[in-house]
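Visitor: What follows is a predicted structure for the sequence shown.
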Number of protein chains: 2
Amino acid sequence: MSTINDVARAAGVSVATVSRALRGLDRVSPQTRARVVQAATELHYVASPTASSLASGRTKVVAVVVPFLARWFFATVISGIEKALRRHDHHVLLIDLEGESFGTRLHLSHSMLWKRVDGVIVLATALDEQEQALIERLGLPVVTIGHRIRDWSCVRIDDKEAMRIAVRHVLDLGHTDVAYVGGVPDASADLQTPQDRARAFADTLAERGLGCPPEWVIESDWTAVGAARDIMAVLNGPSRPTAVVAASDEMALGVMAAARRSGLAVPQDLSVIGVDDHVLSEALGLTTVRQDVLCQGHRAGEALMRQLVDEAAATVDEVMPVQLVVRESTAPPPKTRGGTRVTNT
Amino acid sequence: MSTINDVARAAGVSVATVSRALRGLDRVSPQTRARVVQAATELHYVASPTASSLASGRTKVVAVVVPFLARWFFATVISGIEKALRRHDHHVLLIDLEGESFGTRLHLSHSMLWKRVDGVIVLATALDEQEQALIERLGLPVVTIGHRIRDWSCVRIDDKEAMRIAVRHVLDLGHTDVAYVGGVPDASADLQTPQDRARAFADTLAERGLGCPPEWVIESDWTAVGAARDIMAVLNGPSRPTAVVAASDEMALGVMAAARRSGLAVPQDLSVIGVDDHVLSEALGLTTVRQDVLCQGHRAGEALMRQLVDEAAATVDEVMPVQLVVRESTAPPPKTRGGTRVTNT
DNA sequence: TTGAAAGCGGTACCAA
DNA sequence: TTGGTACCGCTTTCAA
């Protein structure tokens, strides 16, 4: 593979000129540029990214930090980020903080970022003081998604608003006995999304003079299996809700499945609503509050690029809209309070 | 931030010695190494990856090429890869080939890889001749996942075997009228997984002297919504199958939902089985043939690292086991052929 | 065991 | 508009 020297020789100019010509800088005559470009093309020249990084101090790589990757939300956001960055000729370096064993999380370290990336995008993760200080010290521009940290740029939805919409939907249908899945587990005590959604659930009920017994507010690991397992006791309890609001679609789908297993028809006996609009929600007929996840990734990518180009670019706090999508999992409560228990297995 | 020079000065040795000491090479006296390590620690020294890459020619970065990211299978594989690589102090550079508009795909290019990565992992993508030649020319070690290319290393499952297991399961339950979702669409004509699974479906039926009318073999875009849409005609047709085999769990979940919409109970009126064991399959009670996706990522990462360390390392073709997981979506066919149409909406 | 010095392949400043 | 050249920070012979 050829180097800048080969191109310079072939074009009969200096390496400095080749560098300028190829990067589209001015102060290069059209003729010269043409000669250089042609020589470069013929030699299949591609500048070594490591060499230019070393010389220029910019890597054209952005670290995307995720708590874990194999979740629809994260994968989708990253996809959006990737597409935004590639427009600006930048790349995604993945930093998955999920530890080897469940529940553990790696610490963001100096060596993961130092001289390796030009900026950082943090997905729905609460960084501790040390990690925040690290990024600050490294002088890296940051954009967070779904979770505000310091005064860094952030792209997100209004979680409270989203939950309010979900709760109001079931209340408007006439439900008064509403359970909640997605209470804040210890592991997420520092995350805004679980907190905000749980809080908004309670507040919105209160707003209408309703309440929810504590045993109907269920903590969850935010997975479908977990939610299905945990909601069972409530569904089979002596008195049960006529609607369940889940803090995410994945949990909502778990609840739907659990309901069917308990012989409850959705939405006749039990209404279920989620938040997110997961890929599978449409097919499975789940009513939900949609957020455009791909777009959030896009926006975050663009925001970071702006900060990269212009040191002084203002940090942003973009709040993306959400929208109720009514499908087949919600309906007015059954006439007979508590619903009719049917057996279909 | 300090450089190797600062450390050398602080430790009172040359930069060469610092380099050796810190990388754990031999020919450094224990005392010297200790002094260097201490100096480095005190200065919070971390070697510049770009500088060492330029000097050594190795980047410690691996390109992971995916057709698109926001799909459970891909995200999960990548998660496995990431964990394997990070053990060896290597990183994942994401290369998402999904184009801006649906159905288009970016071309893997020189500039994406050249001097940027030490190796490549290709996920379930058929690279064209040019792309293959490019990788070969660059001399990069490769591991593919789920799709064999040339004689490159590959980690995969036996797709035919997986499908055979799925089909046999429904046949063993007594079904004879079986439809298939996941016929090979044009866009995937060059992918082995859709082909192999479709082929094995037909072969396994034939093996038992059974057949499947062409209108029961449904092409699909491999999404849940798509499958739900496309299966409708079959479910509402004059004669309908008692079981549907889907080439993936995502499609199978779509079929389950479509069945319910058509007033068919699963599994009483219709059995549904998929392949993959998607995260949501357990919660939703889908019978499936499980593959361990995370592990495949892991293995691929390890295989690549081996080839990276040892140029002469043998290429591998690891075929991972699959396993039938019977849940609640399959049962013997209804007594009355064609099933009883019930209305529950 | 240690050090000196020549790269690695560009970028960017200063002269010309 | 161009060229010369000093770095960028580390690795890696080759000598000492």
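Guide: Noted; the coordinates are in hand.
Visitor: give me the number of residues near A:Leu173?
Guide: Neighbour count for A:Leu173, taken as other CB atoms under 10 Å in any protein chain shown: 18. Placement of C-beta: from N, CA and C, glycine included.
Visitor: how close does it get to A:Thr242?
Guide: The spacing between A:Leu173 and A:Thr242, counted by CB to CB, to the nearest Å, is 9 Å.
Visitor: between these two, what contacts are shared?
Guide: A:Ser271, A:Pro333 (CB atoms under 8 Å, 6 or more residues apart in numbering or on different chains).
Visitor: What ranges does the stretch 101-250 of chain A have for its helices?
Guide: Remark: helices assigned in the stretch 101-250 of chain A by DSSP state H, counting those that start in this stretch are A:110-113, A:129-138, A:159-172, A:192-207, A:224-235, A:249-261.
Visitor: Need the winner for burial among those helices.
Guide: helix A:249-261 (a mean of 27; mean count of other CB atoms under 10 Å in any protein chain shown).
Visitor: Please name every helix or strand in contact with that one.
Guide: Applying 3 or more CB pairs under 8 Å, 6 or more residues apart in numbering or on different chains; DSSP states H and E, we find helix A:249-261 packed against strand A:178-183, helix A:224-235, strand A:243-246, strand A:271-276, helix A:279-284, helix B:279-284.
Visitor: can you count the residues close to the closest residue to DNA strand D within the stretch 151-300 of chain A?
Guide: The stretch 151-300 of chain A approaches DNA strand D most closely through A:Trp152 (25.4 Å), counting by CB to the nearest atom of the strand. When neighbours are counted by other CB under 10 Å, A:Trp152 registers 20.
Visitor: Identify the residue nearest A:Gln130 in space, chain neighbours excluded?
Guide: In space, A:Gln130 comes closest to A:His107 once its chain neighbours are excluded; the distance is 7.5 Å by CB to CB, 6 or more residues apart in numbering or on different chains.
Visitor: burial count for that neighbour?
Guide: 12.
Visitor: Surely it touches A:Leu134?
Guide: No - between A:His107 and A:Leu134 there is no contact under CB atoms under 8 Å: 9.3 Å.
Visitor: residues in contact with stretch A:89-108?
Guide: By CB under 8 Å, 6+ apart, stretch A:89-108 touches A:60-69, A:78, A:81-82, A:85, A:112, A:116-118, A:125, A:127, A:130-131, A:134-135, A:187, A:305, A:308, B:61, B:64, B:78-79, B:82-83, B:86, B:91-94, B:116.
Visitor: I'd like the helices of the stretch 101-250 of chain A laid out as TSV, including distance to A:Gly182 and mean pLDDT.
Guide: Below are the helices of the stretch 101-250 of chain A laid out as TSV (distance: least, CB to CB, whole Å; pLDDT from 0 to 100):
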stretch	distance to A:Gly182	mean pLDDT
helix A:110-113	31	93
helix A:129-138	26	96
helix A:159-172	9	98
helix A:192-207	6	96
helix A:224-235	8	96
helix A:249-261	6	97
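Visitor: Let me see the contact set for the residue of the stretch 151-300 of chain A closest to DNA strand D.
Guide: A:Val142, A:Val143, A:Thr144, A:Thr315.
Visitor: Who are the contact partners of A:Gly119?
Guide: Residues near A:Gly119 by CB under 8 Å, 6+ apart: A:Val62, A:Ala63, A:Leu140, A:Pro141, A:Val142, A:Val143, A:Leu304, A:Gln307, A:Leu308.
Visitor: Next: A:Glu250.
Guide: So A:Glu250 contacts A:Arg71, A:Trp72, A:Trp222, A:Thr223, A:Ala224, A:Ala227, A:Gly274, A:Asp276, A:His278, B:Leu280 (CB under 8 Å, 6+ apart).
Visitor: Distance to B:Gln195 for these - can I get that in a markdown table?
Guide: Putting the contacts of A:Glu250 into a markdown table (distance: CB to CB, whole Å) gives the following:
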| residue | distance to B:Gln195 |
| --- | --- |
| A:Arg71 | 30 |
| A:Trp72 | 27 |
| A:Trp222 | 37 |
| A:Thr223 | 33 |
| A:Ala224 | 31 |
| A:Ala227 | 37 |
| A:Gly274 | 36 |
| A:Asp276 | 34 |
| A:His278 | 29 |
| B:Leu280 | 26 |
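Visitor: Just the buried ones from the residues you listed, in ChimeraX syntax?
Guide: For the buried members of the contacts of A:Glu250, the matching ChimeraX selection, counting by 16 or more other CB atoms under 10 Å in any protein chain shown, is:
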select /A:71,72,222,223,224,227,274,276,278 /B:280
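Visitor: any chance of the contacts of A:Glu250 in a markdown table, with distance to DNA strand D too?
Guide: Below are the contacts of A:Glu250 laid out as a markdown table (distance: CB to the nearest atom of the strand, whole Å):
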| residue | distance to DNA strand D |
| --- | --- |
| A:Arg71 | 36 |
| A:Trp72 | 39 |
| A:Trp222 | 41 |
| A:Thr223 | 42 |
| A:Ala224 | 46 |
| A:Ala227 | 48 |
| A:Gly274 | 49 |
| A:Asp276 | 43 |
| A:His278 | 44 |
| B:Leu280 | 45 |
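Visitor: nearest to A:Gln291, of the contacts of A:Glu250?
Guide: Nearest to A:Gln291 out of these is A:Asp276 (CB to CB; 6.1 Å).
Visitor: how about the nearest residue to the closest one, chain neighbours excluded?
Guide: A:Asp249 (4.3 Å).
Visitor: quick one: contacts for the residue of chain A positioned farthest from its centre?
Guide: Residue farthest from the centre of chain A, counting by CA atoms, centre = their mean, is A:Gly12 at 50.4 Å. By CB under 8 Å, 6+ apart, the contact list for A:Gly12 reads A:Arg35.
Visitor: repeat for A:Val64
Guide: Contact analysis of A:Val64 by CB under 8 Å, 6+ apart lists A:Ile78, A:Ile81, A:Val92, A:Leu93, A:Leu94, A:Ile95, A:Val120, A:Ile121, A:Leu123.
Visitor: Can you add neighbour count and give the residues you listed back as a markdown table?
Guide: Shown next, in a markdown table, are the contacts of A:Val64 (neighbours: other CB atoms under 10 Å in any protein chain shown):
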| residue | neighbour count |
| --- | --- |
| A:Ile78 | 28 |
| A:Ile81 | 30 |
| A:Val92 | 26 |
| A:Leu93 | 20 |
| A:Leu94 | 22 |
| A:Ile95 | 25 |
| A:Val120 | 25 |
| A:Ile121 | 29 |
| A:Leu123 | 26 |
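Visitor: just curious, which of these is nearest to A:Gln38?
Guide: Out of the contacts of A:Val64, the member with the shortest distance to A:Gln38 (by CB to CB) is A:Val92, at 32.5 Å.
Visitor: List the beta-bridge partners for the closest one.
Guide: A:Val62, B:Leu94 (DSSP bridges).
Visitor: so A:Ser188 touches A:Ala198, yeah?
Guide: No - because the distance of 9.9 Å does not satisfy CB under 8 Å, A:Ser188 is recorded as not touching A:Ala198.
Visitor: What number of residues are in the vicinity of A:Val155?
Guide: 26.
Visitor: Tell me the spacing between it and A:Ala312.
Guide: 20 Å.
Visitor: Over to A:His91?
Guide: Using CB to CB, we find A:His91 at a distance of 25 Å from A:Ala312.
Visitor: Compare the two (neighbour count), which wins?
Guide: A:His91 (20 against 5).
Visitor: Quick check: residues of chain A near DNA strand C?
Guide: With CB under 7 Å from any atom of the strand as the criterion, chain A meets DNA strand C at residues A:3-5, A:15-16, A:19, A:22-23, A:45, A:47-48, A:51-52, A:54-56.
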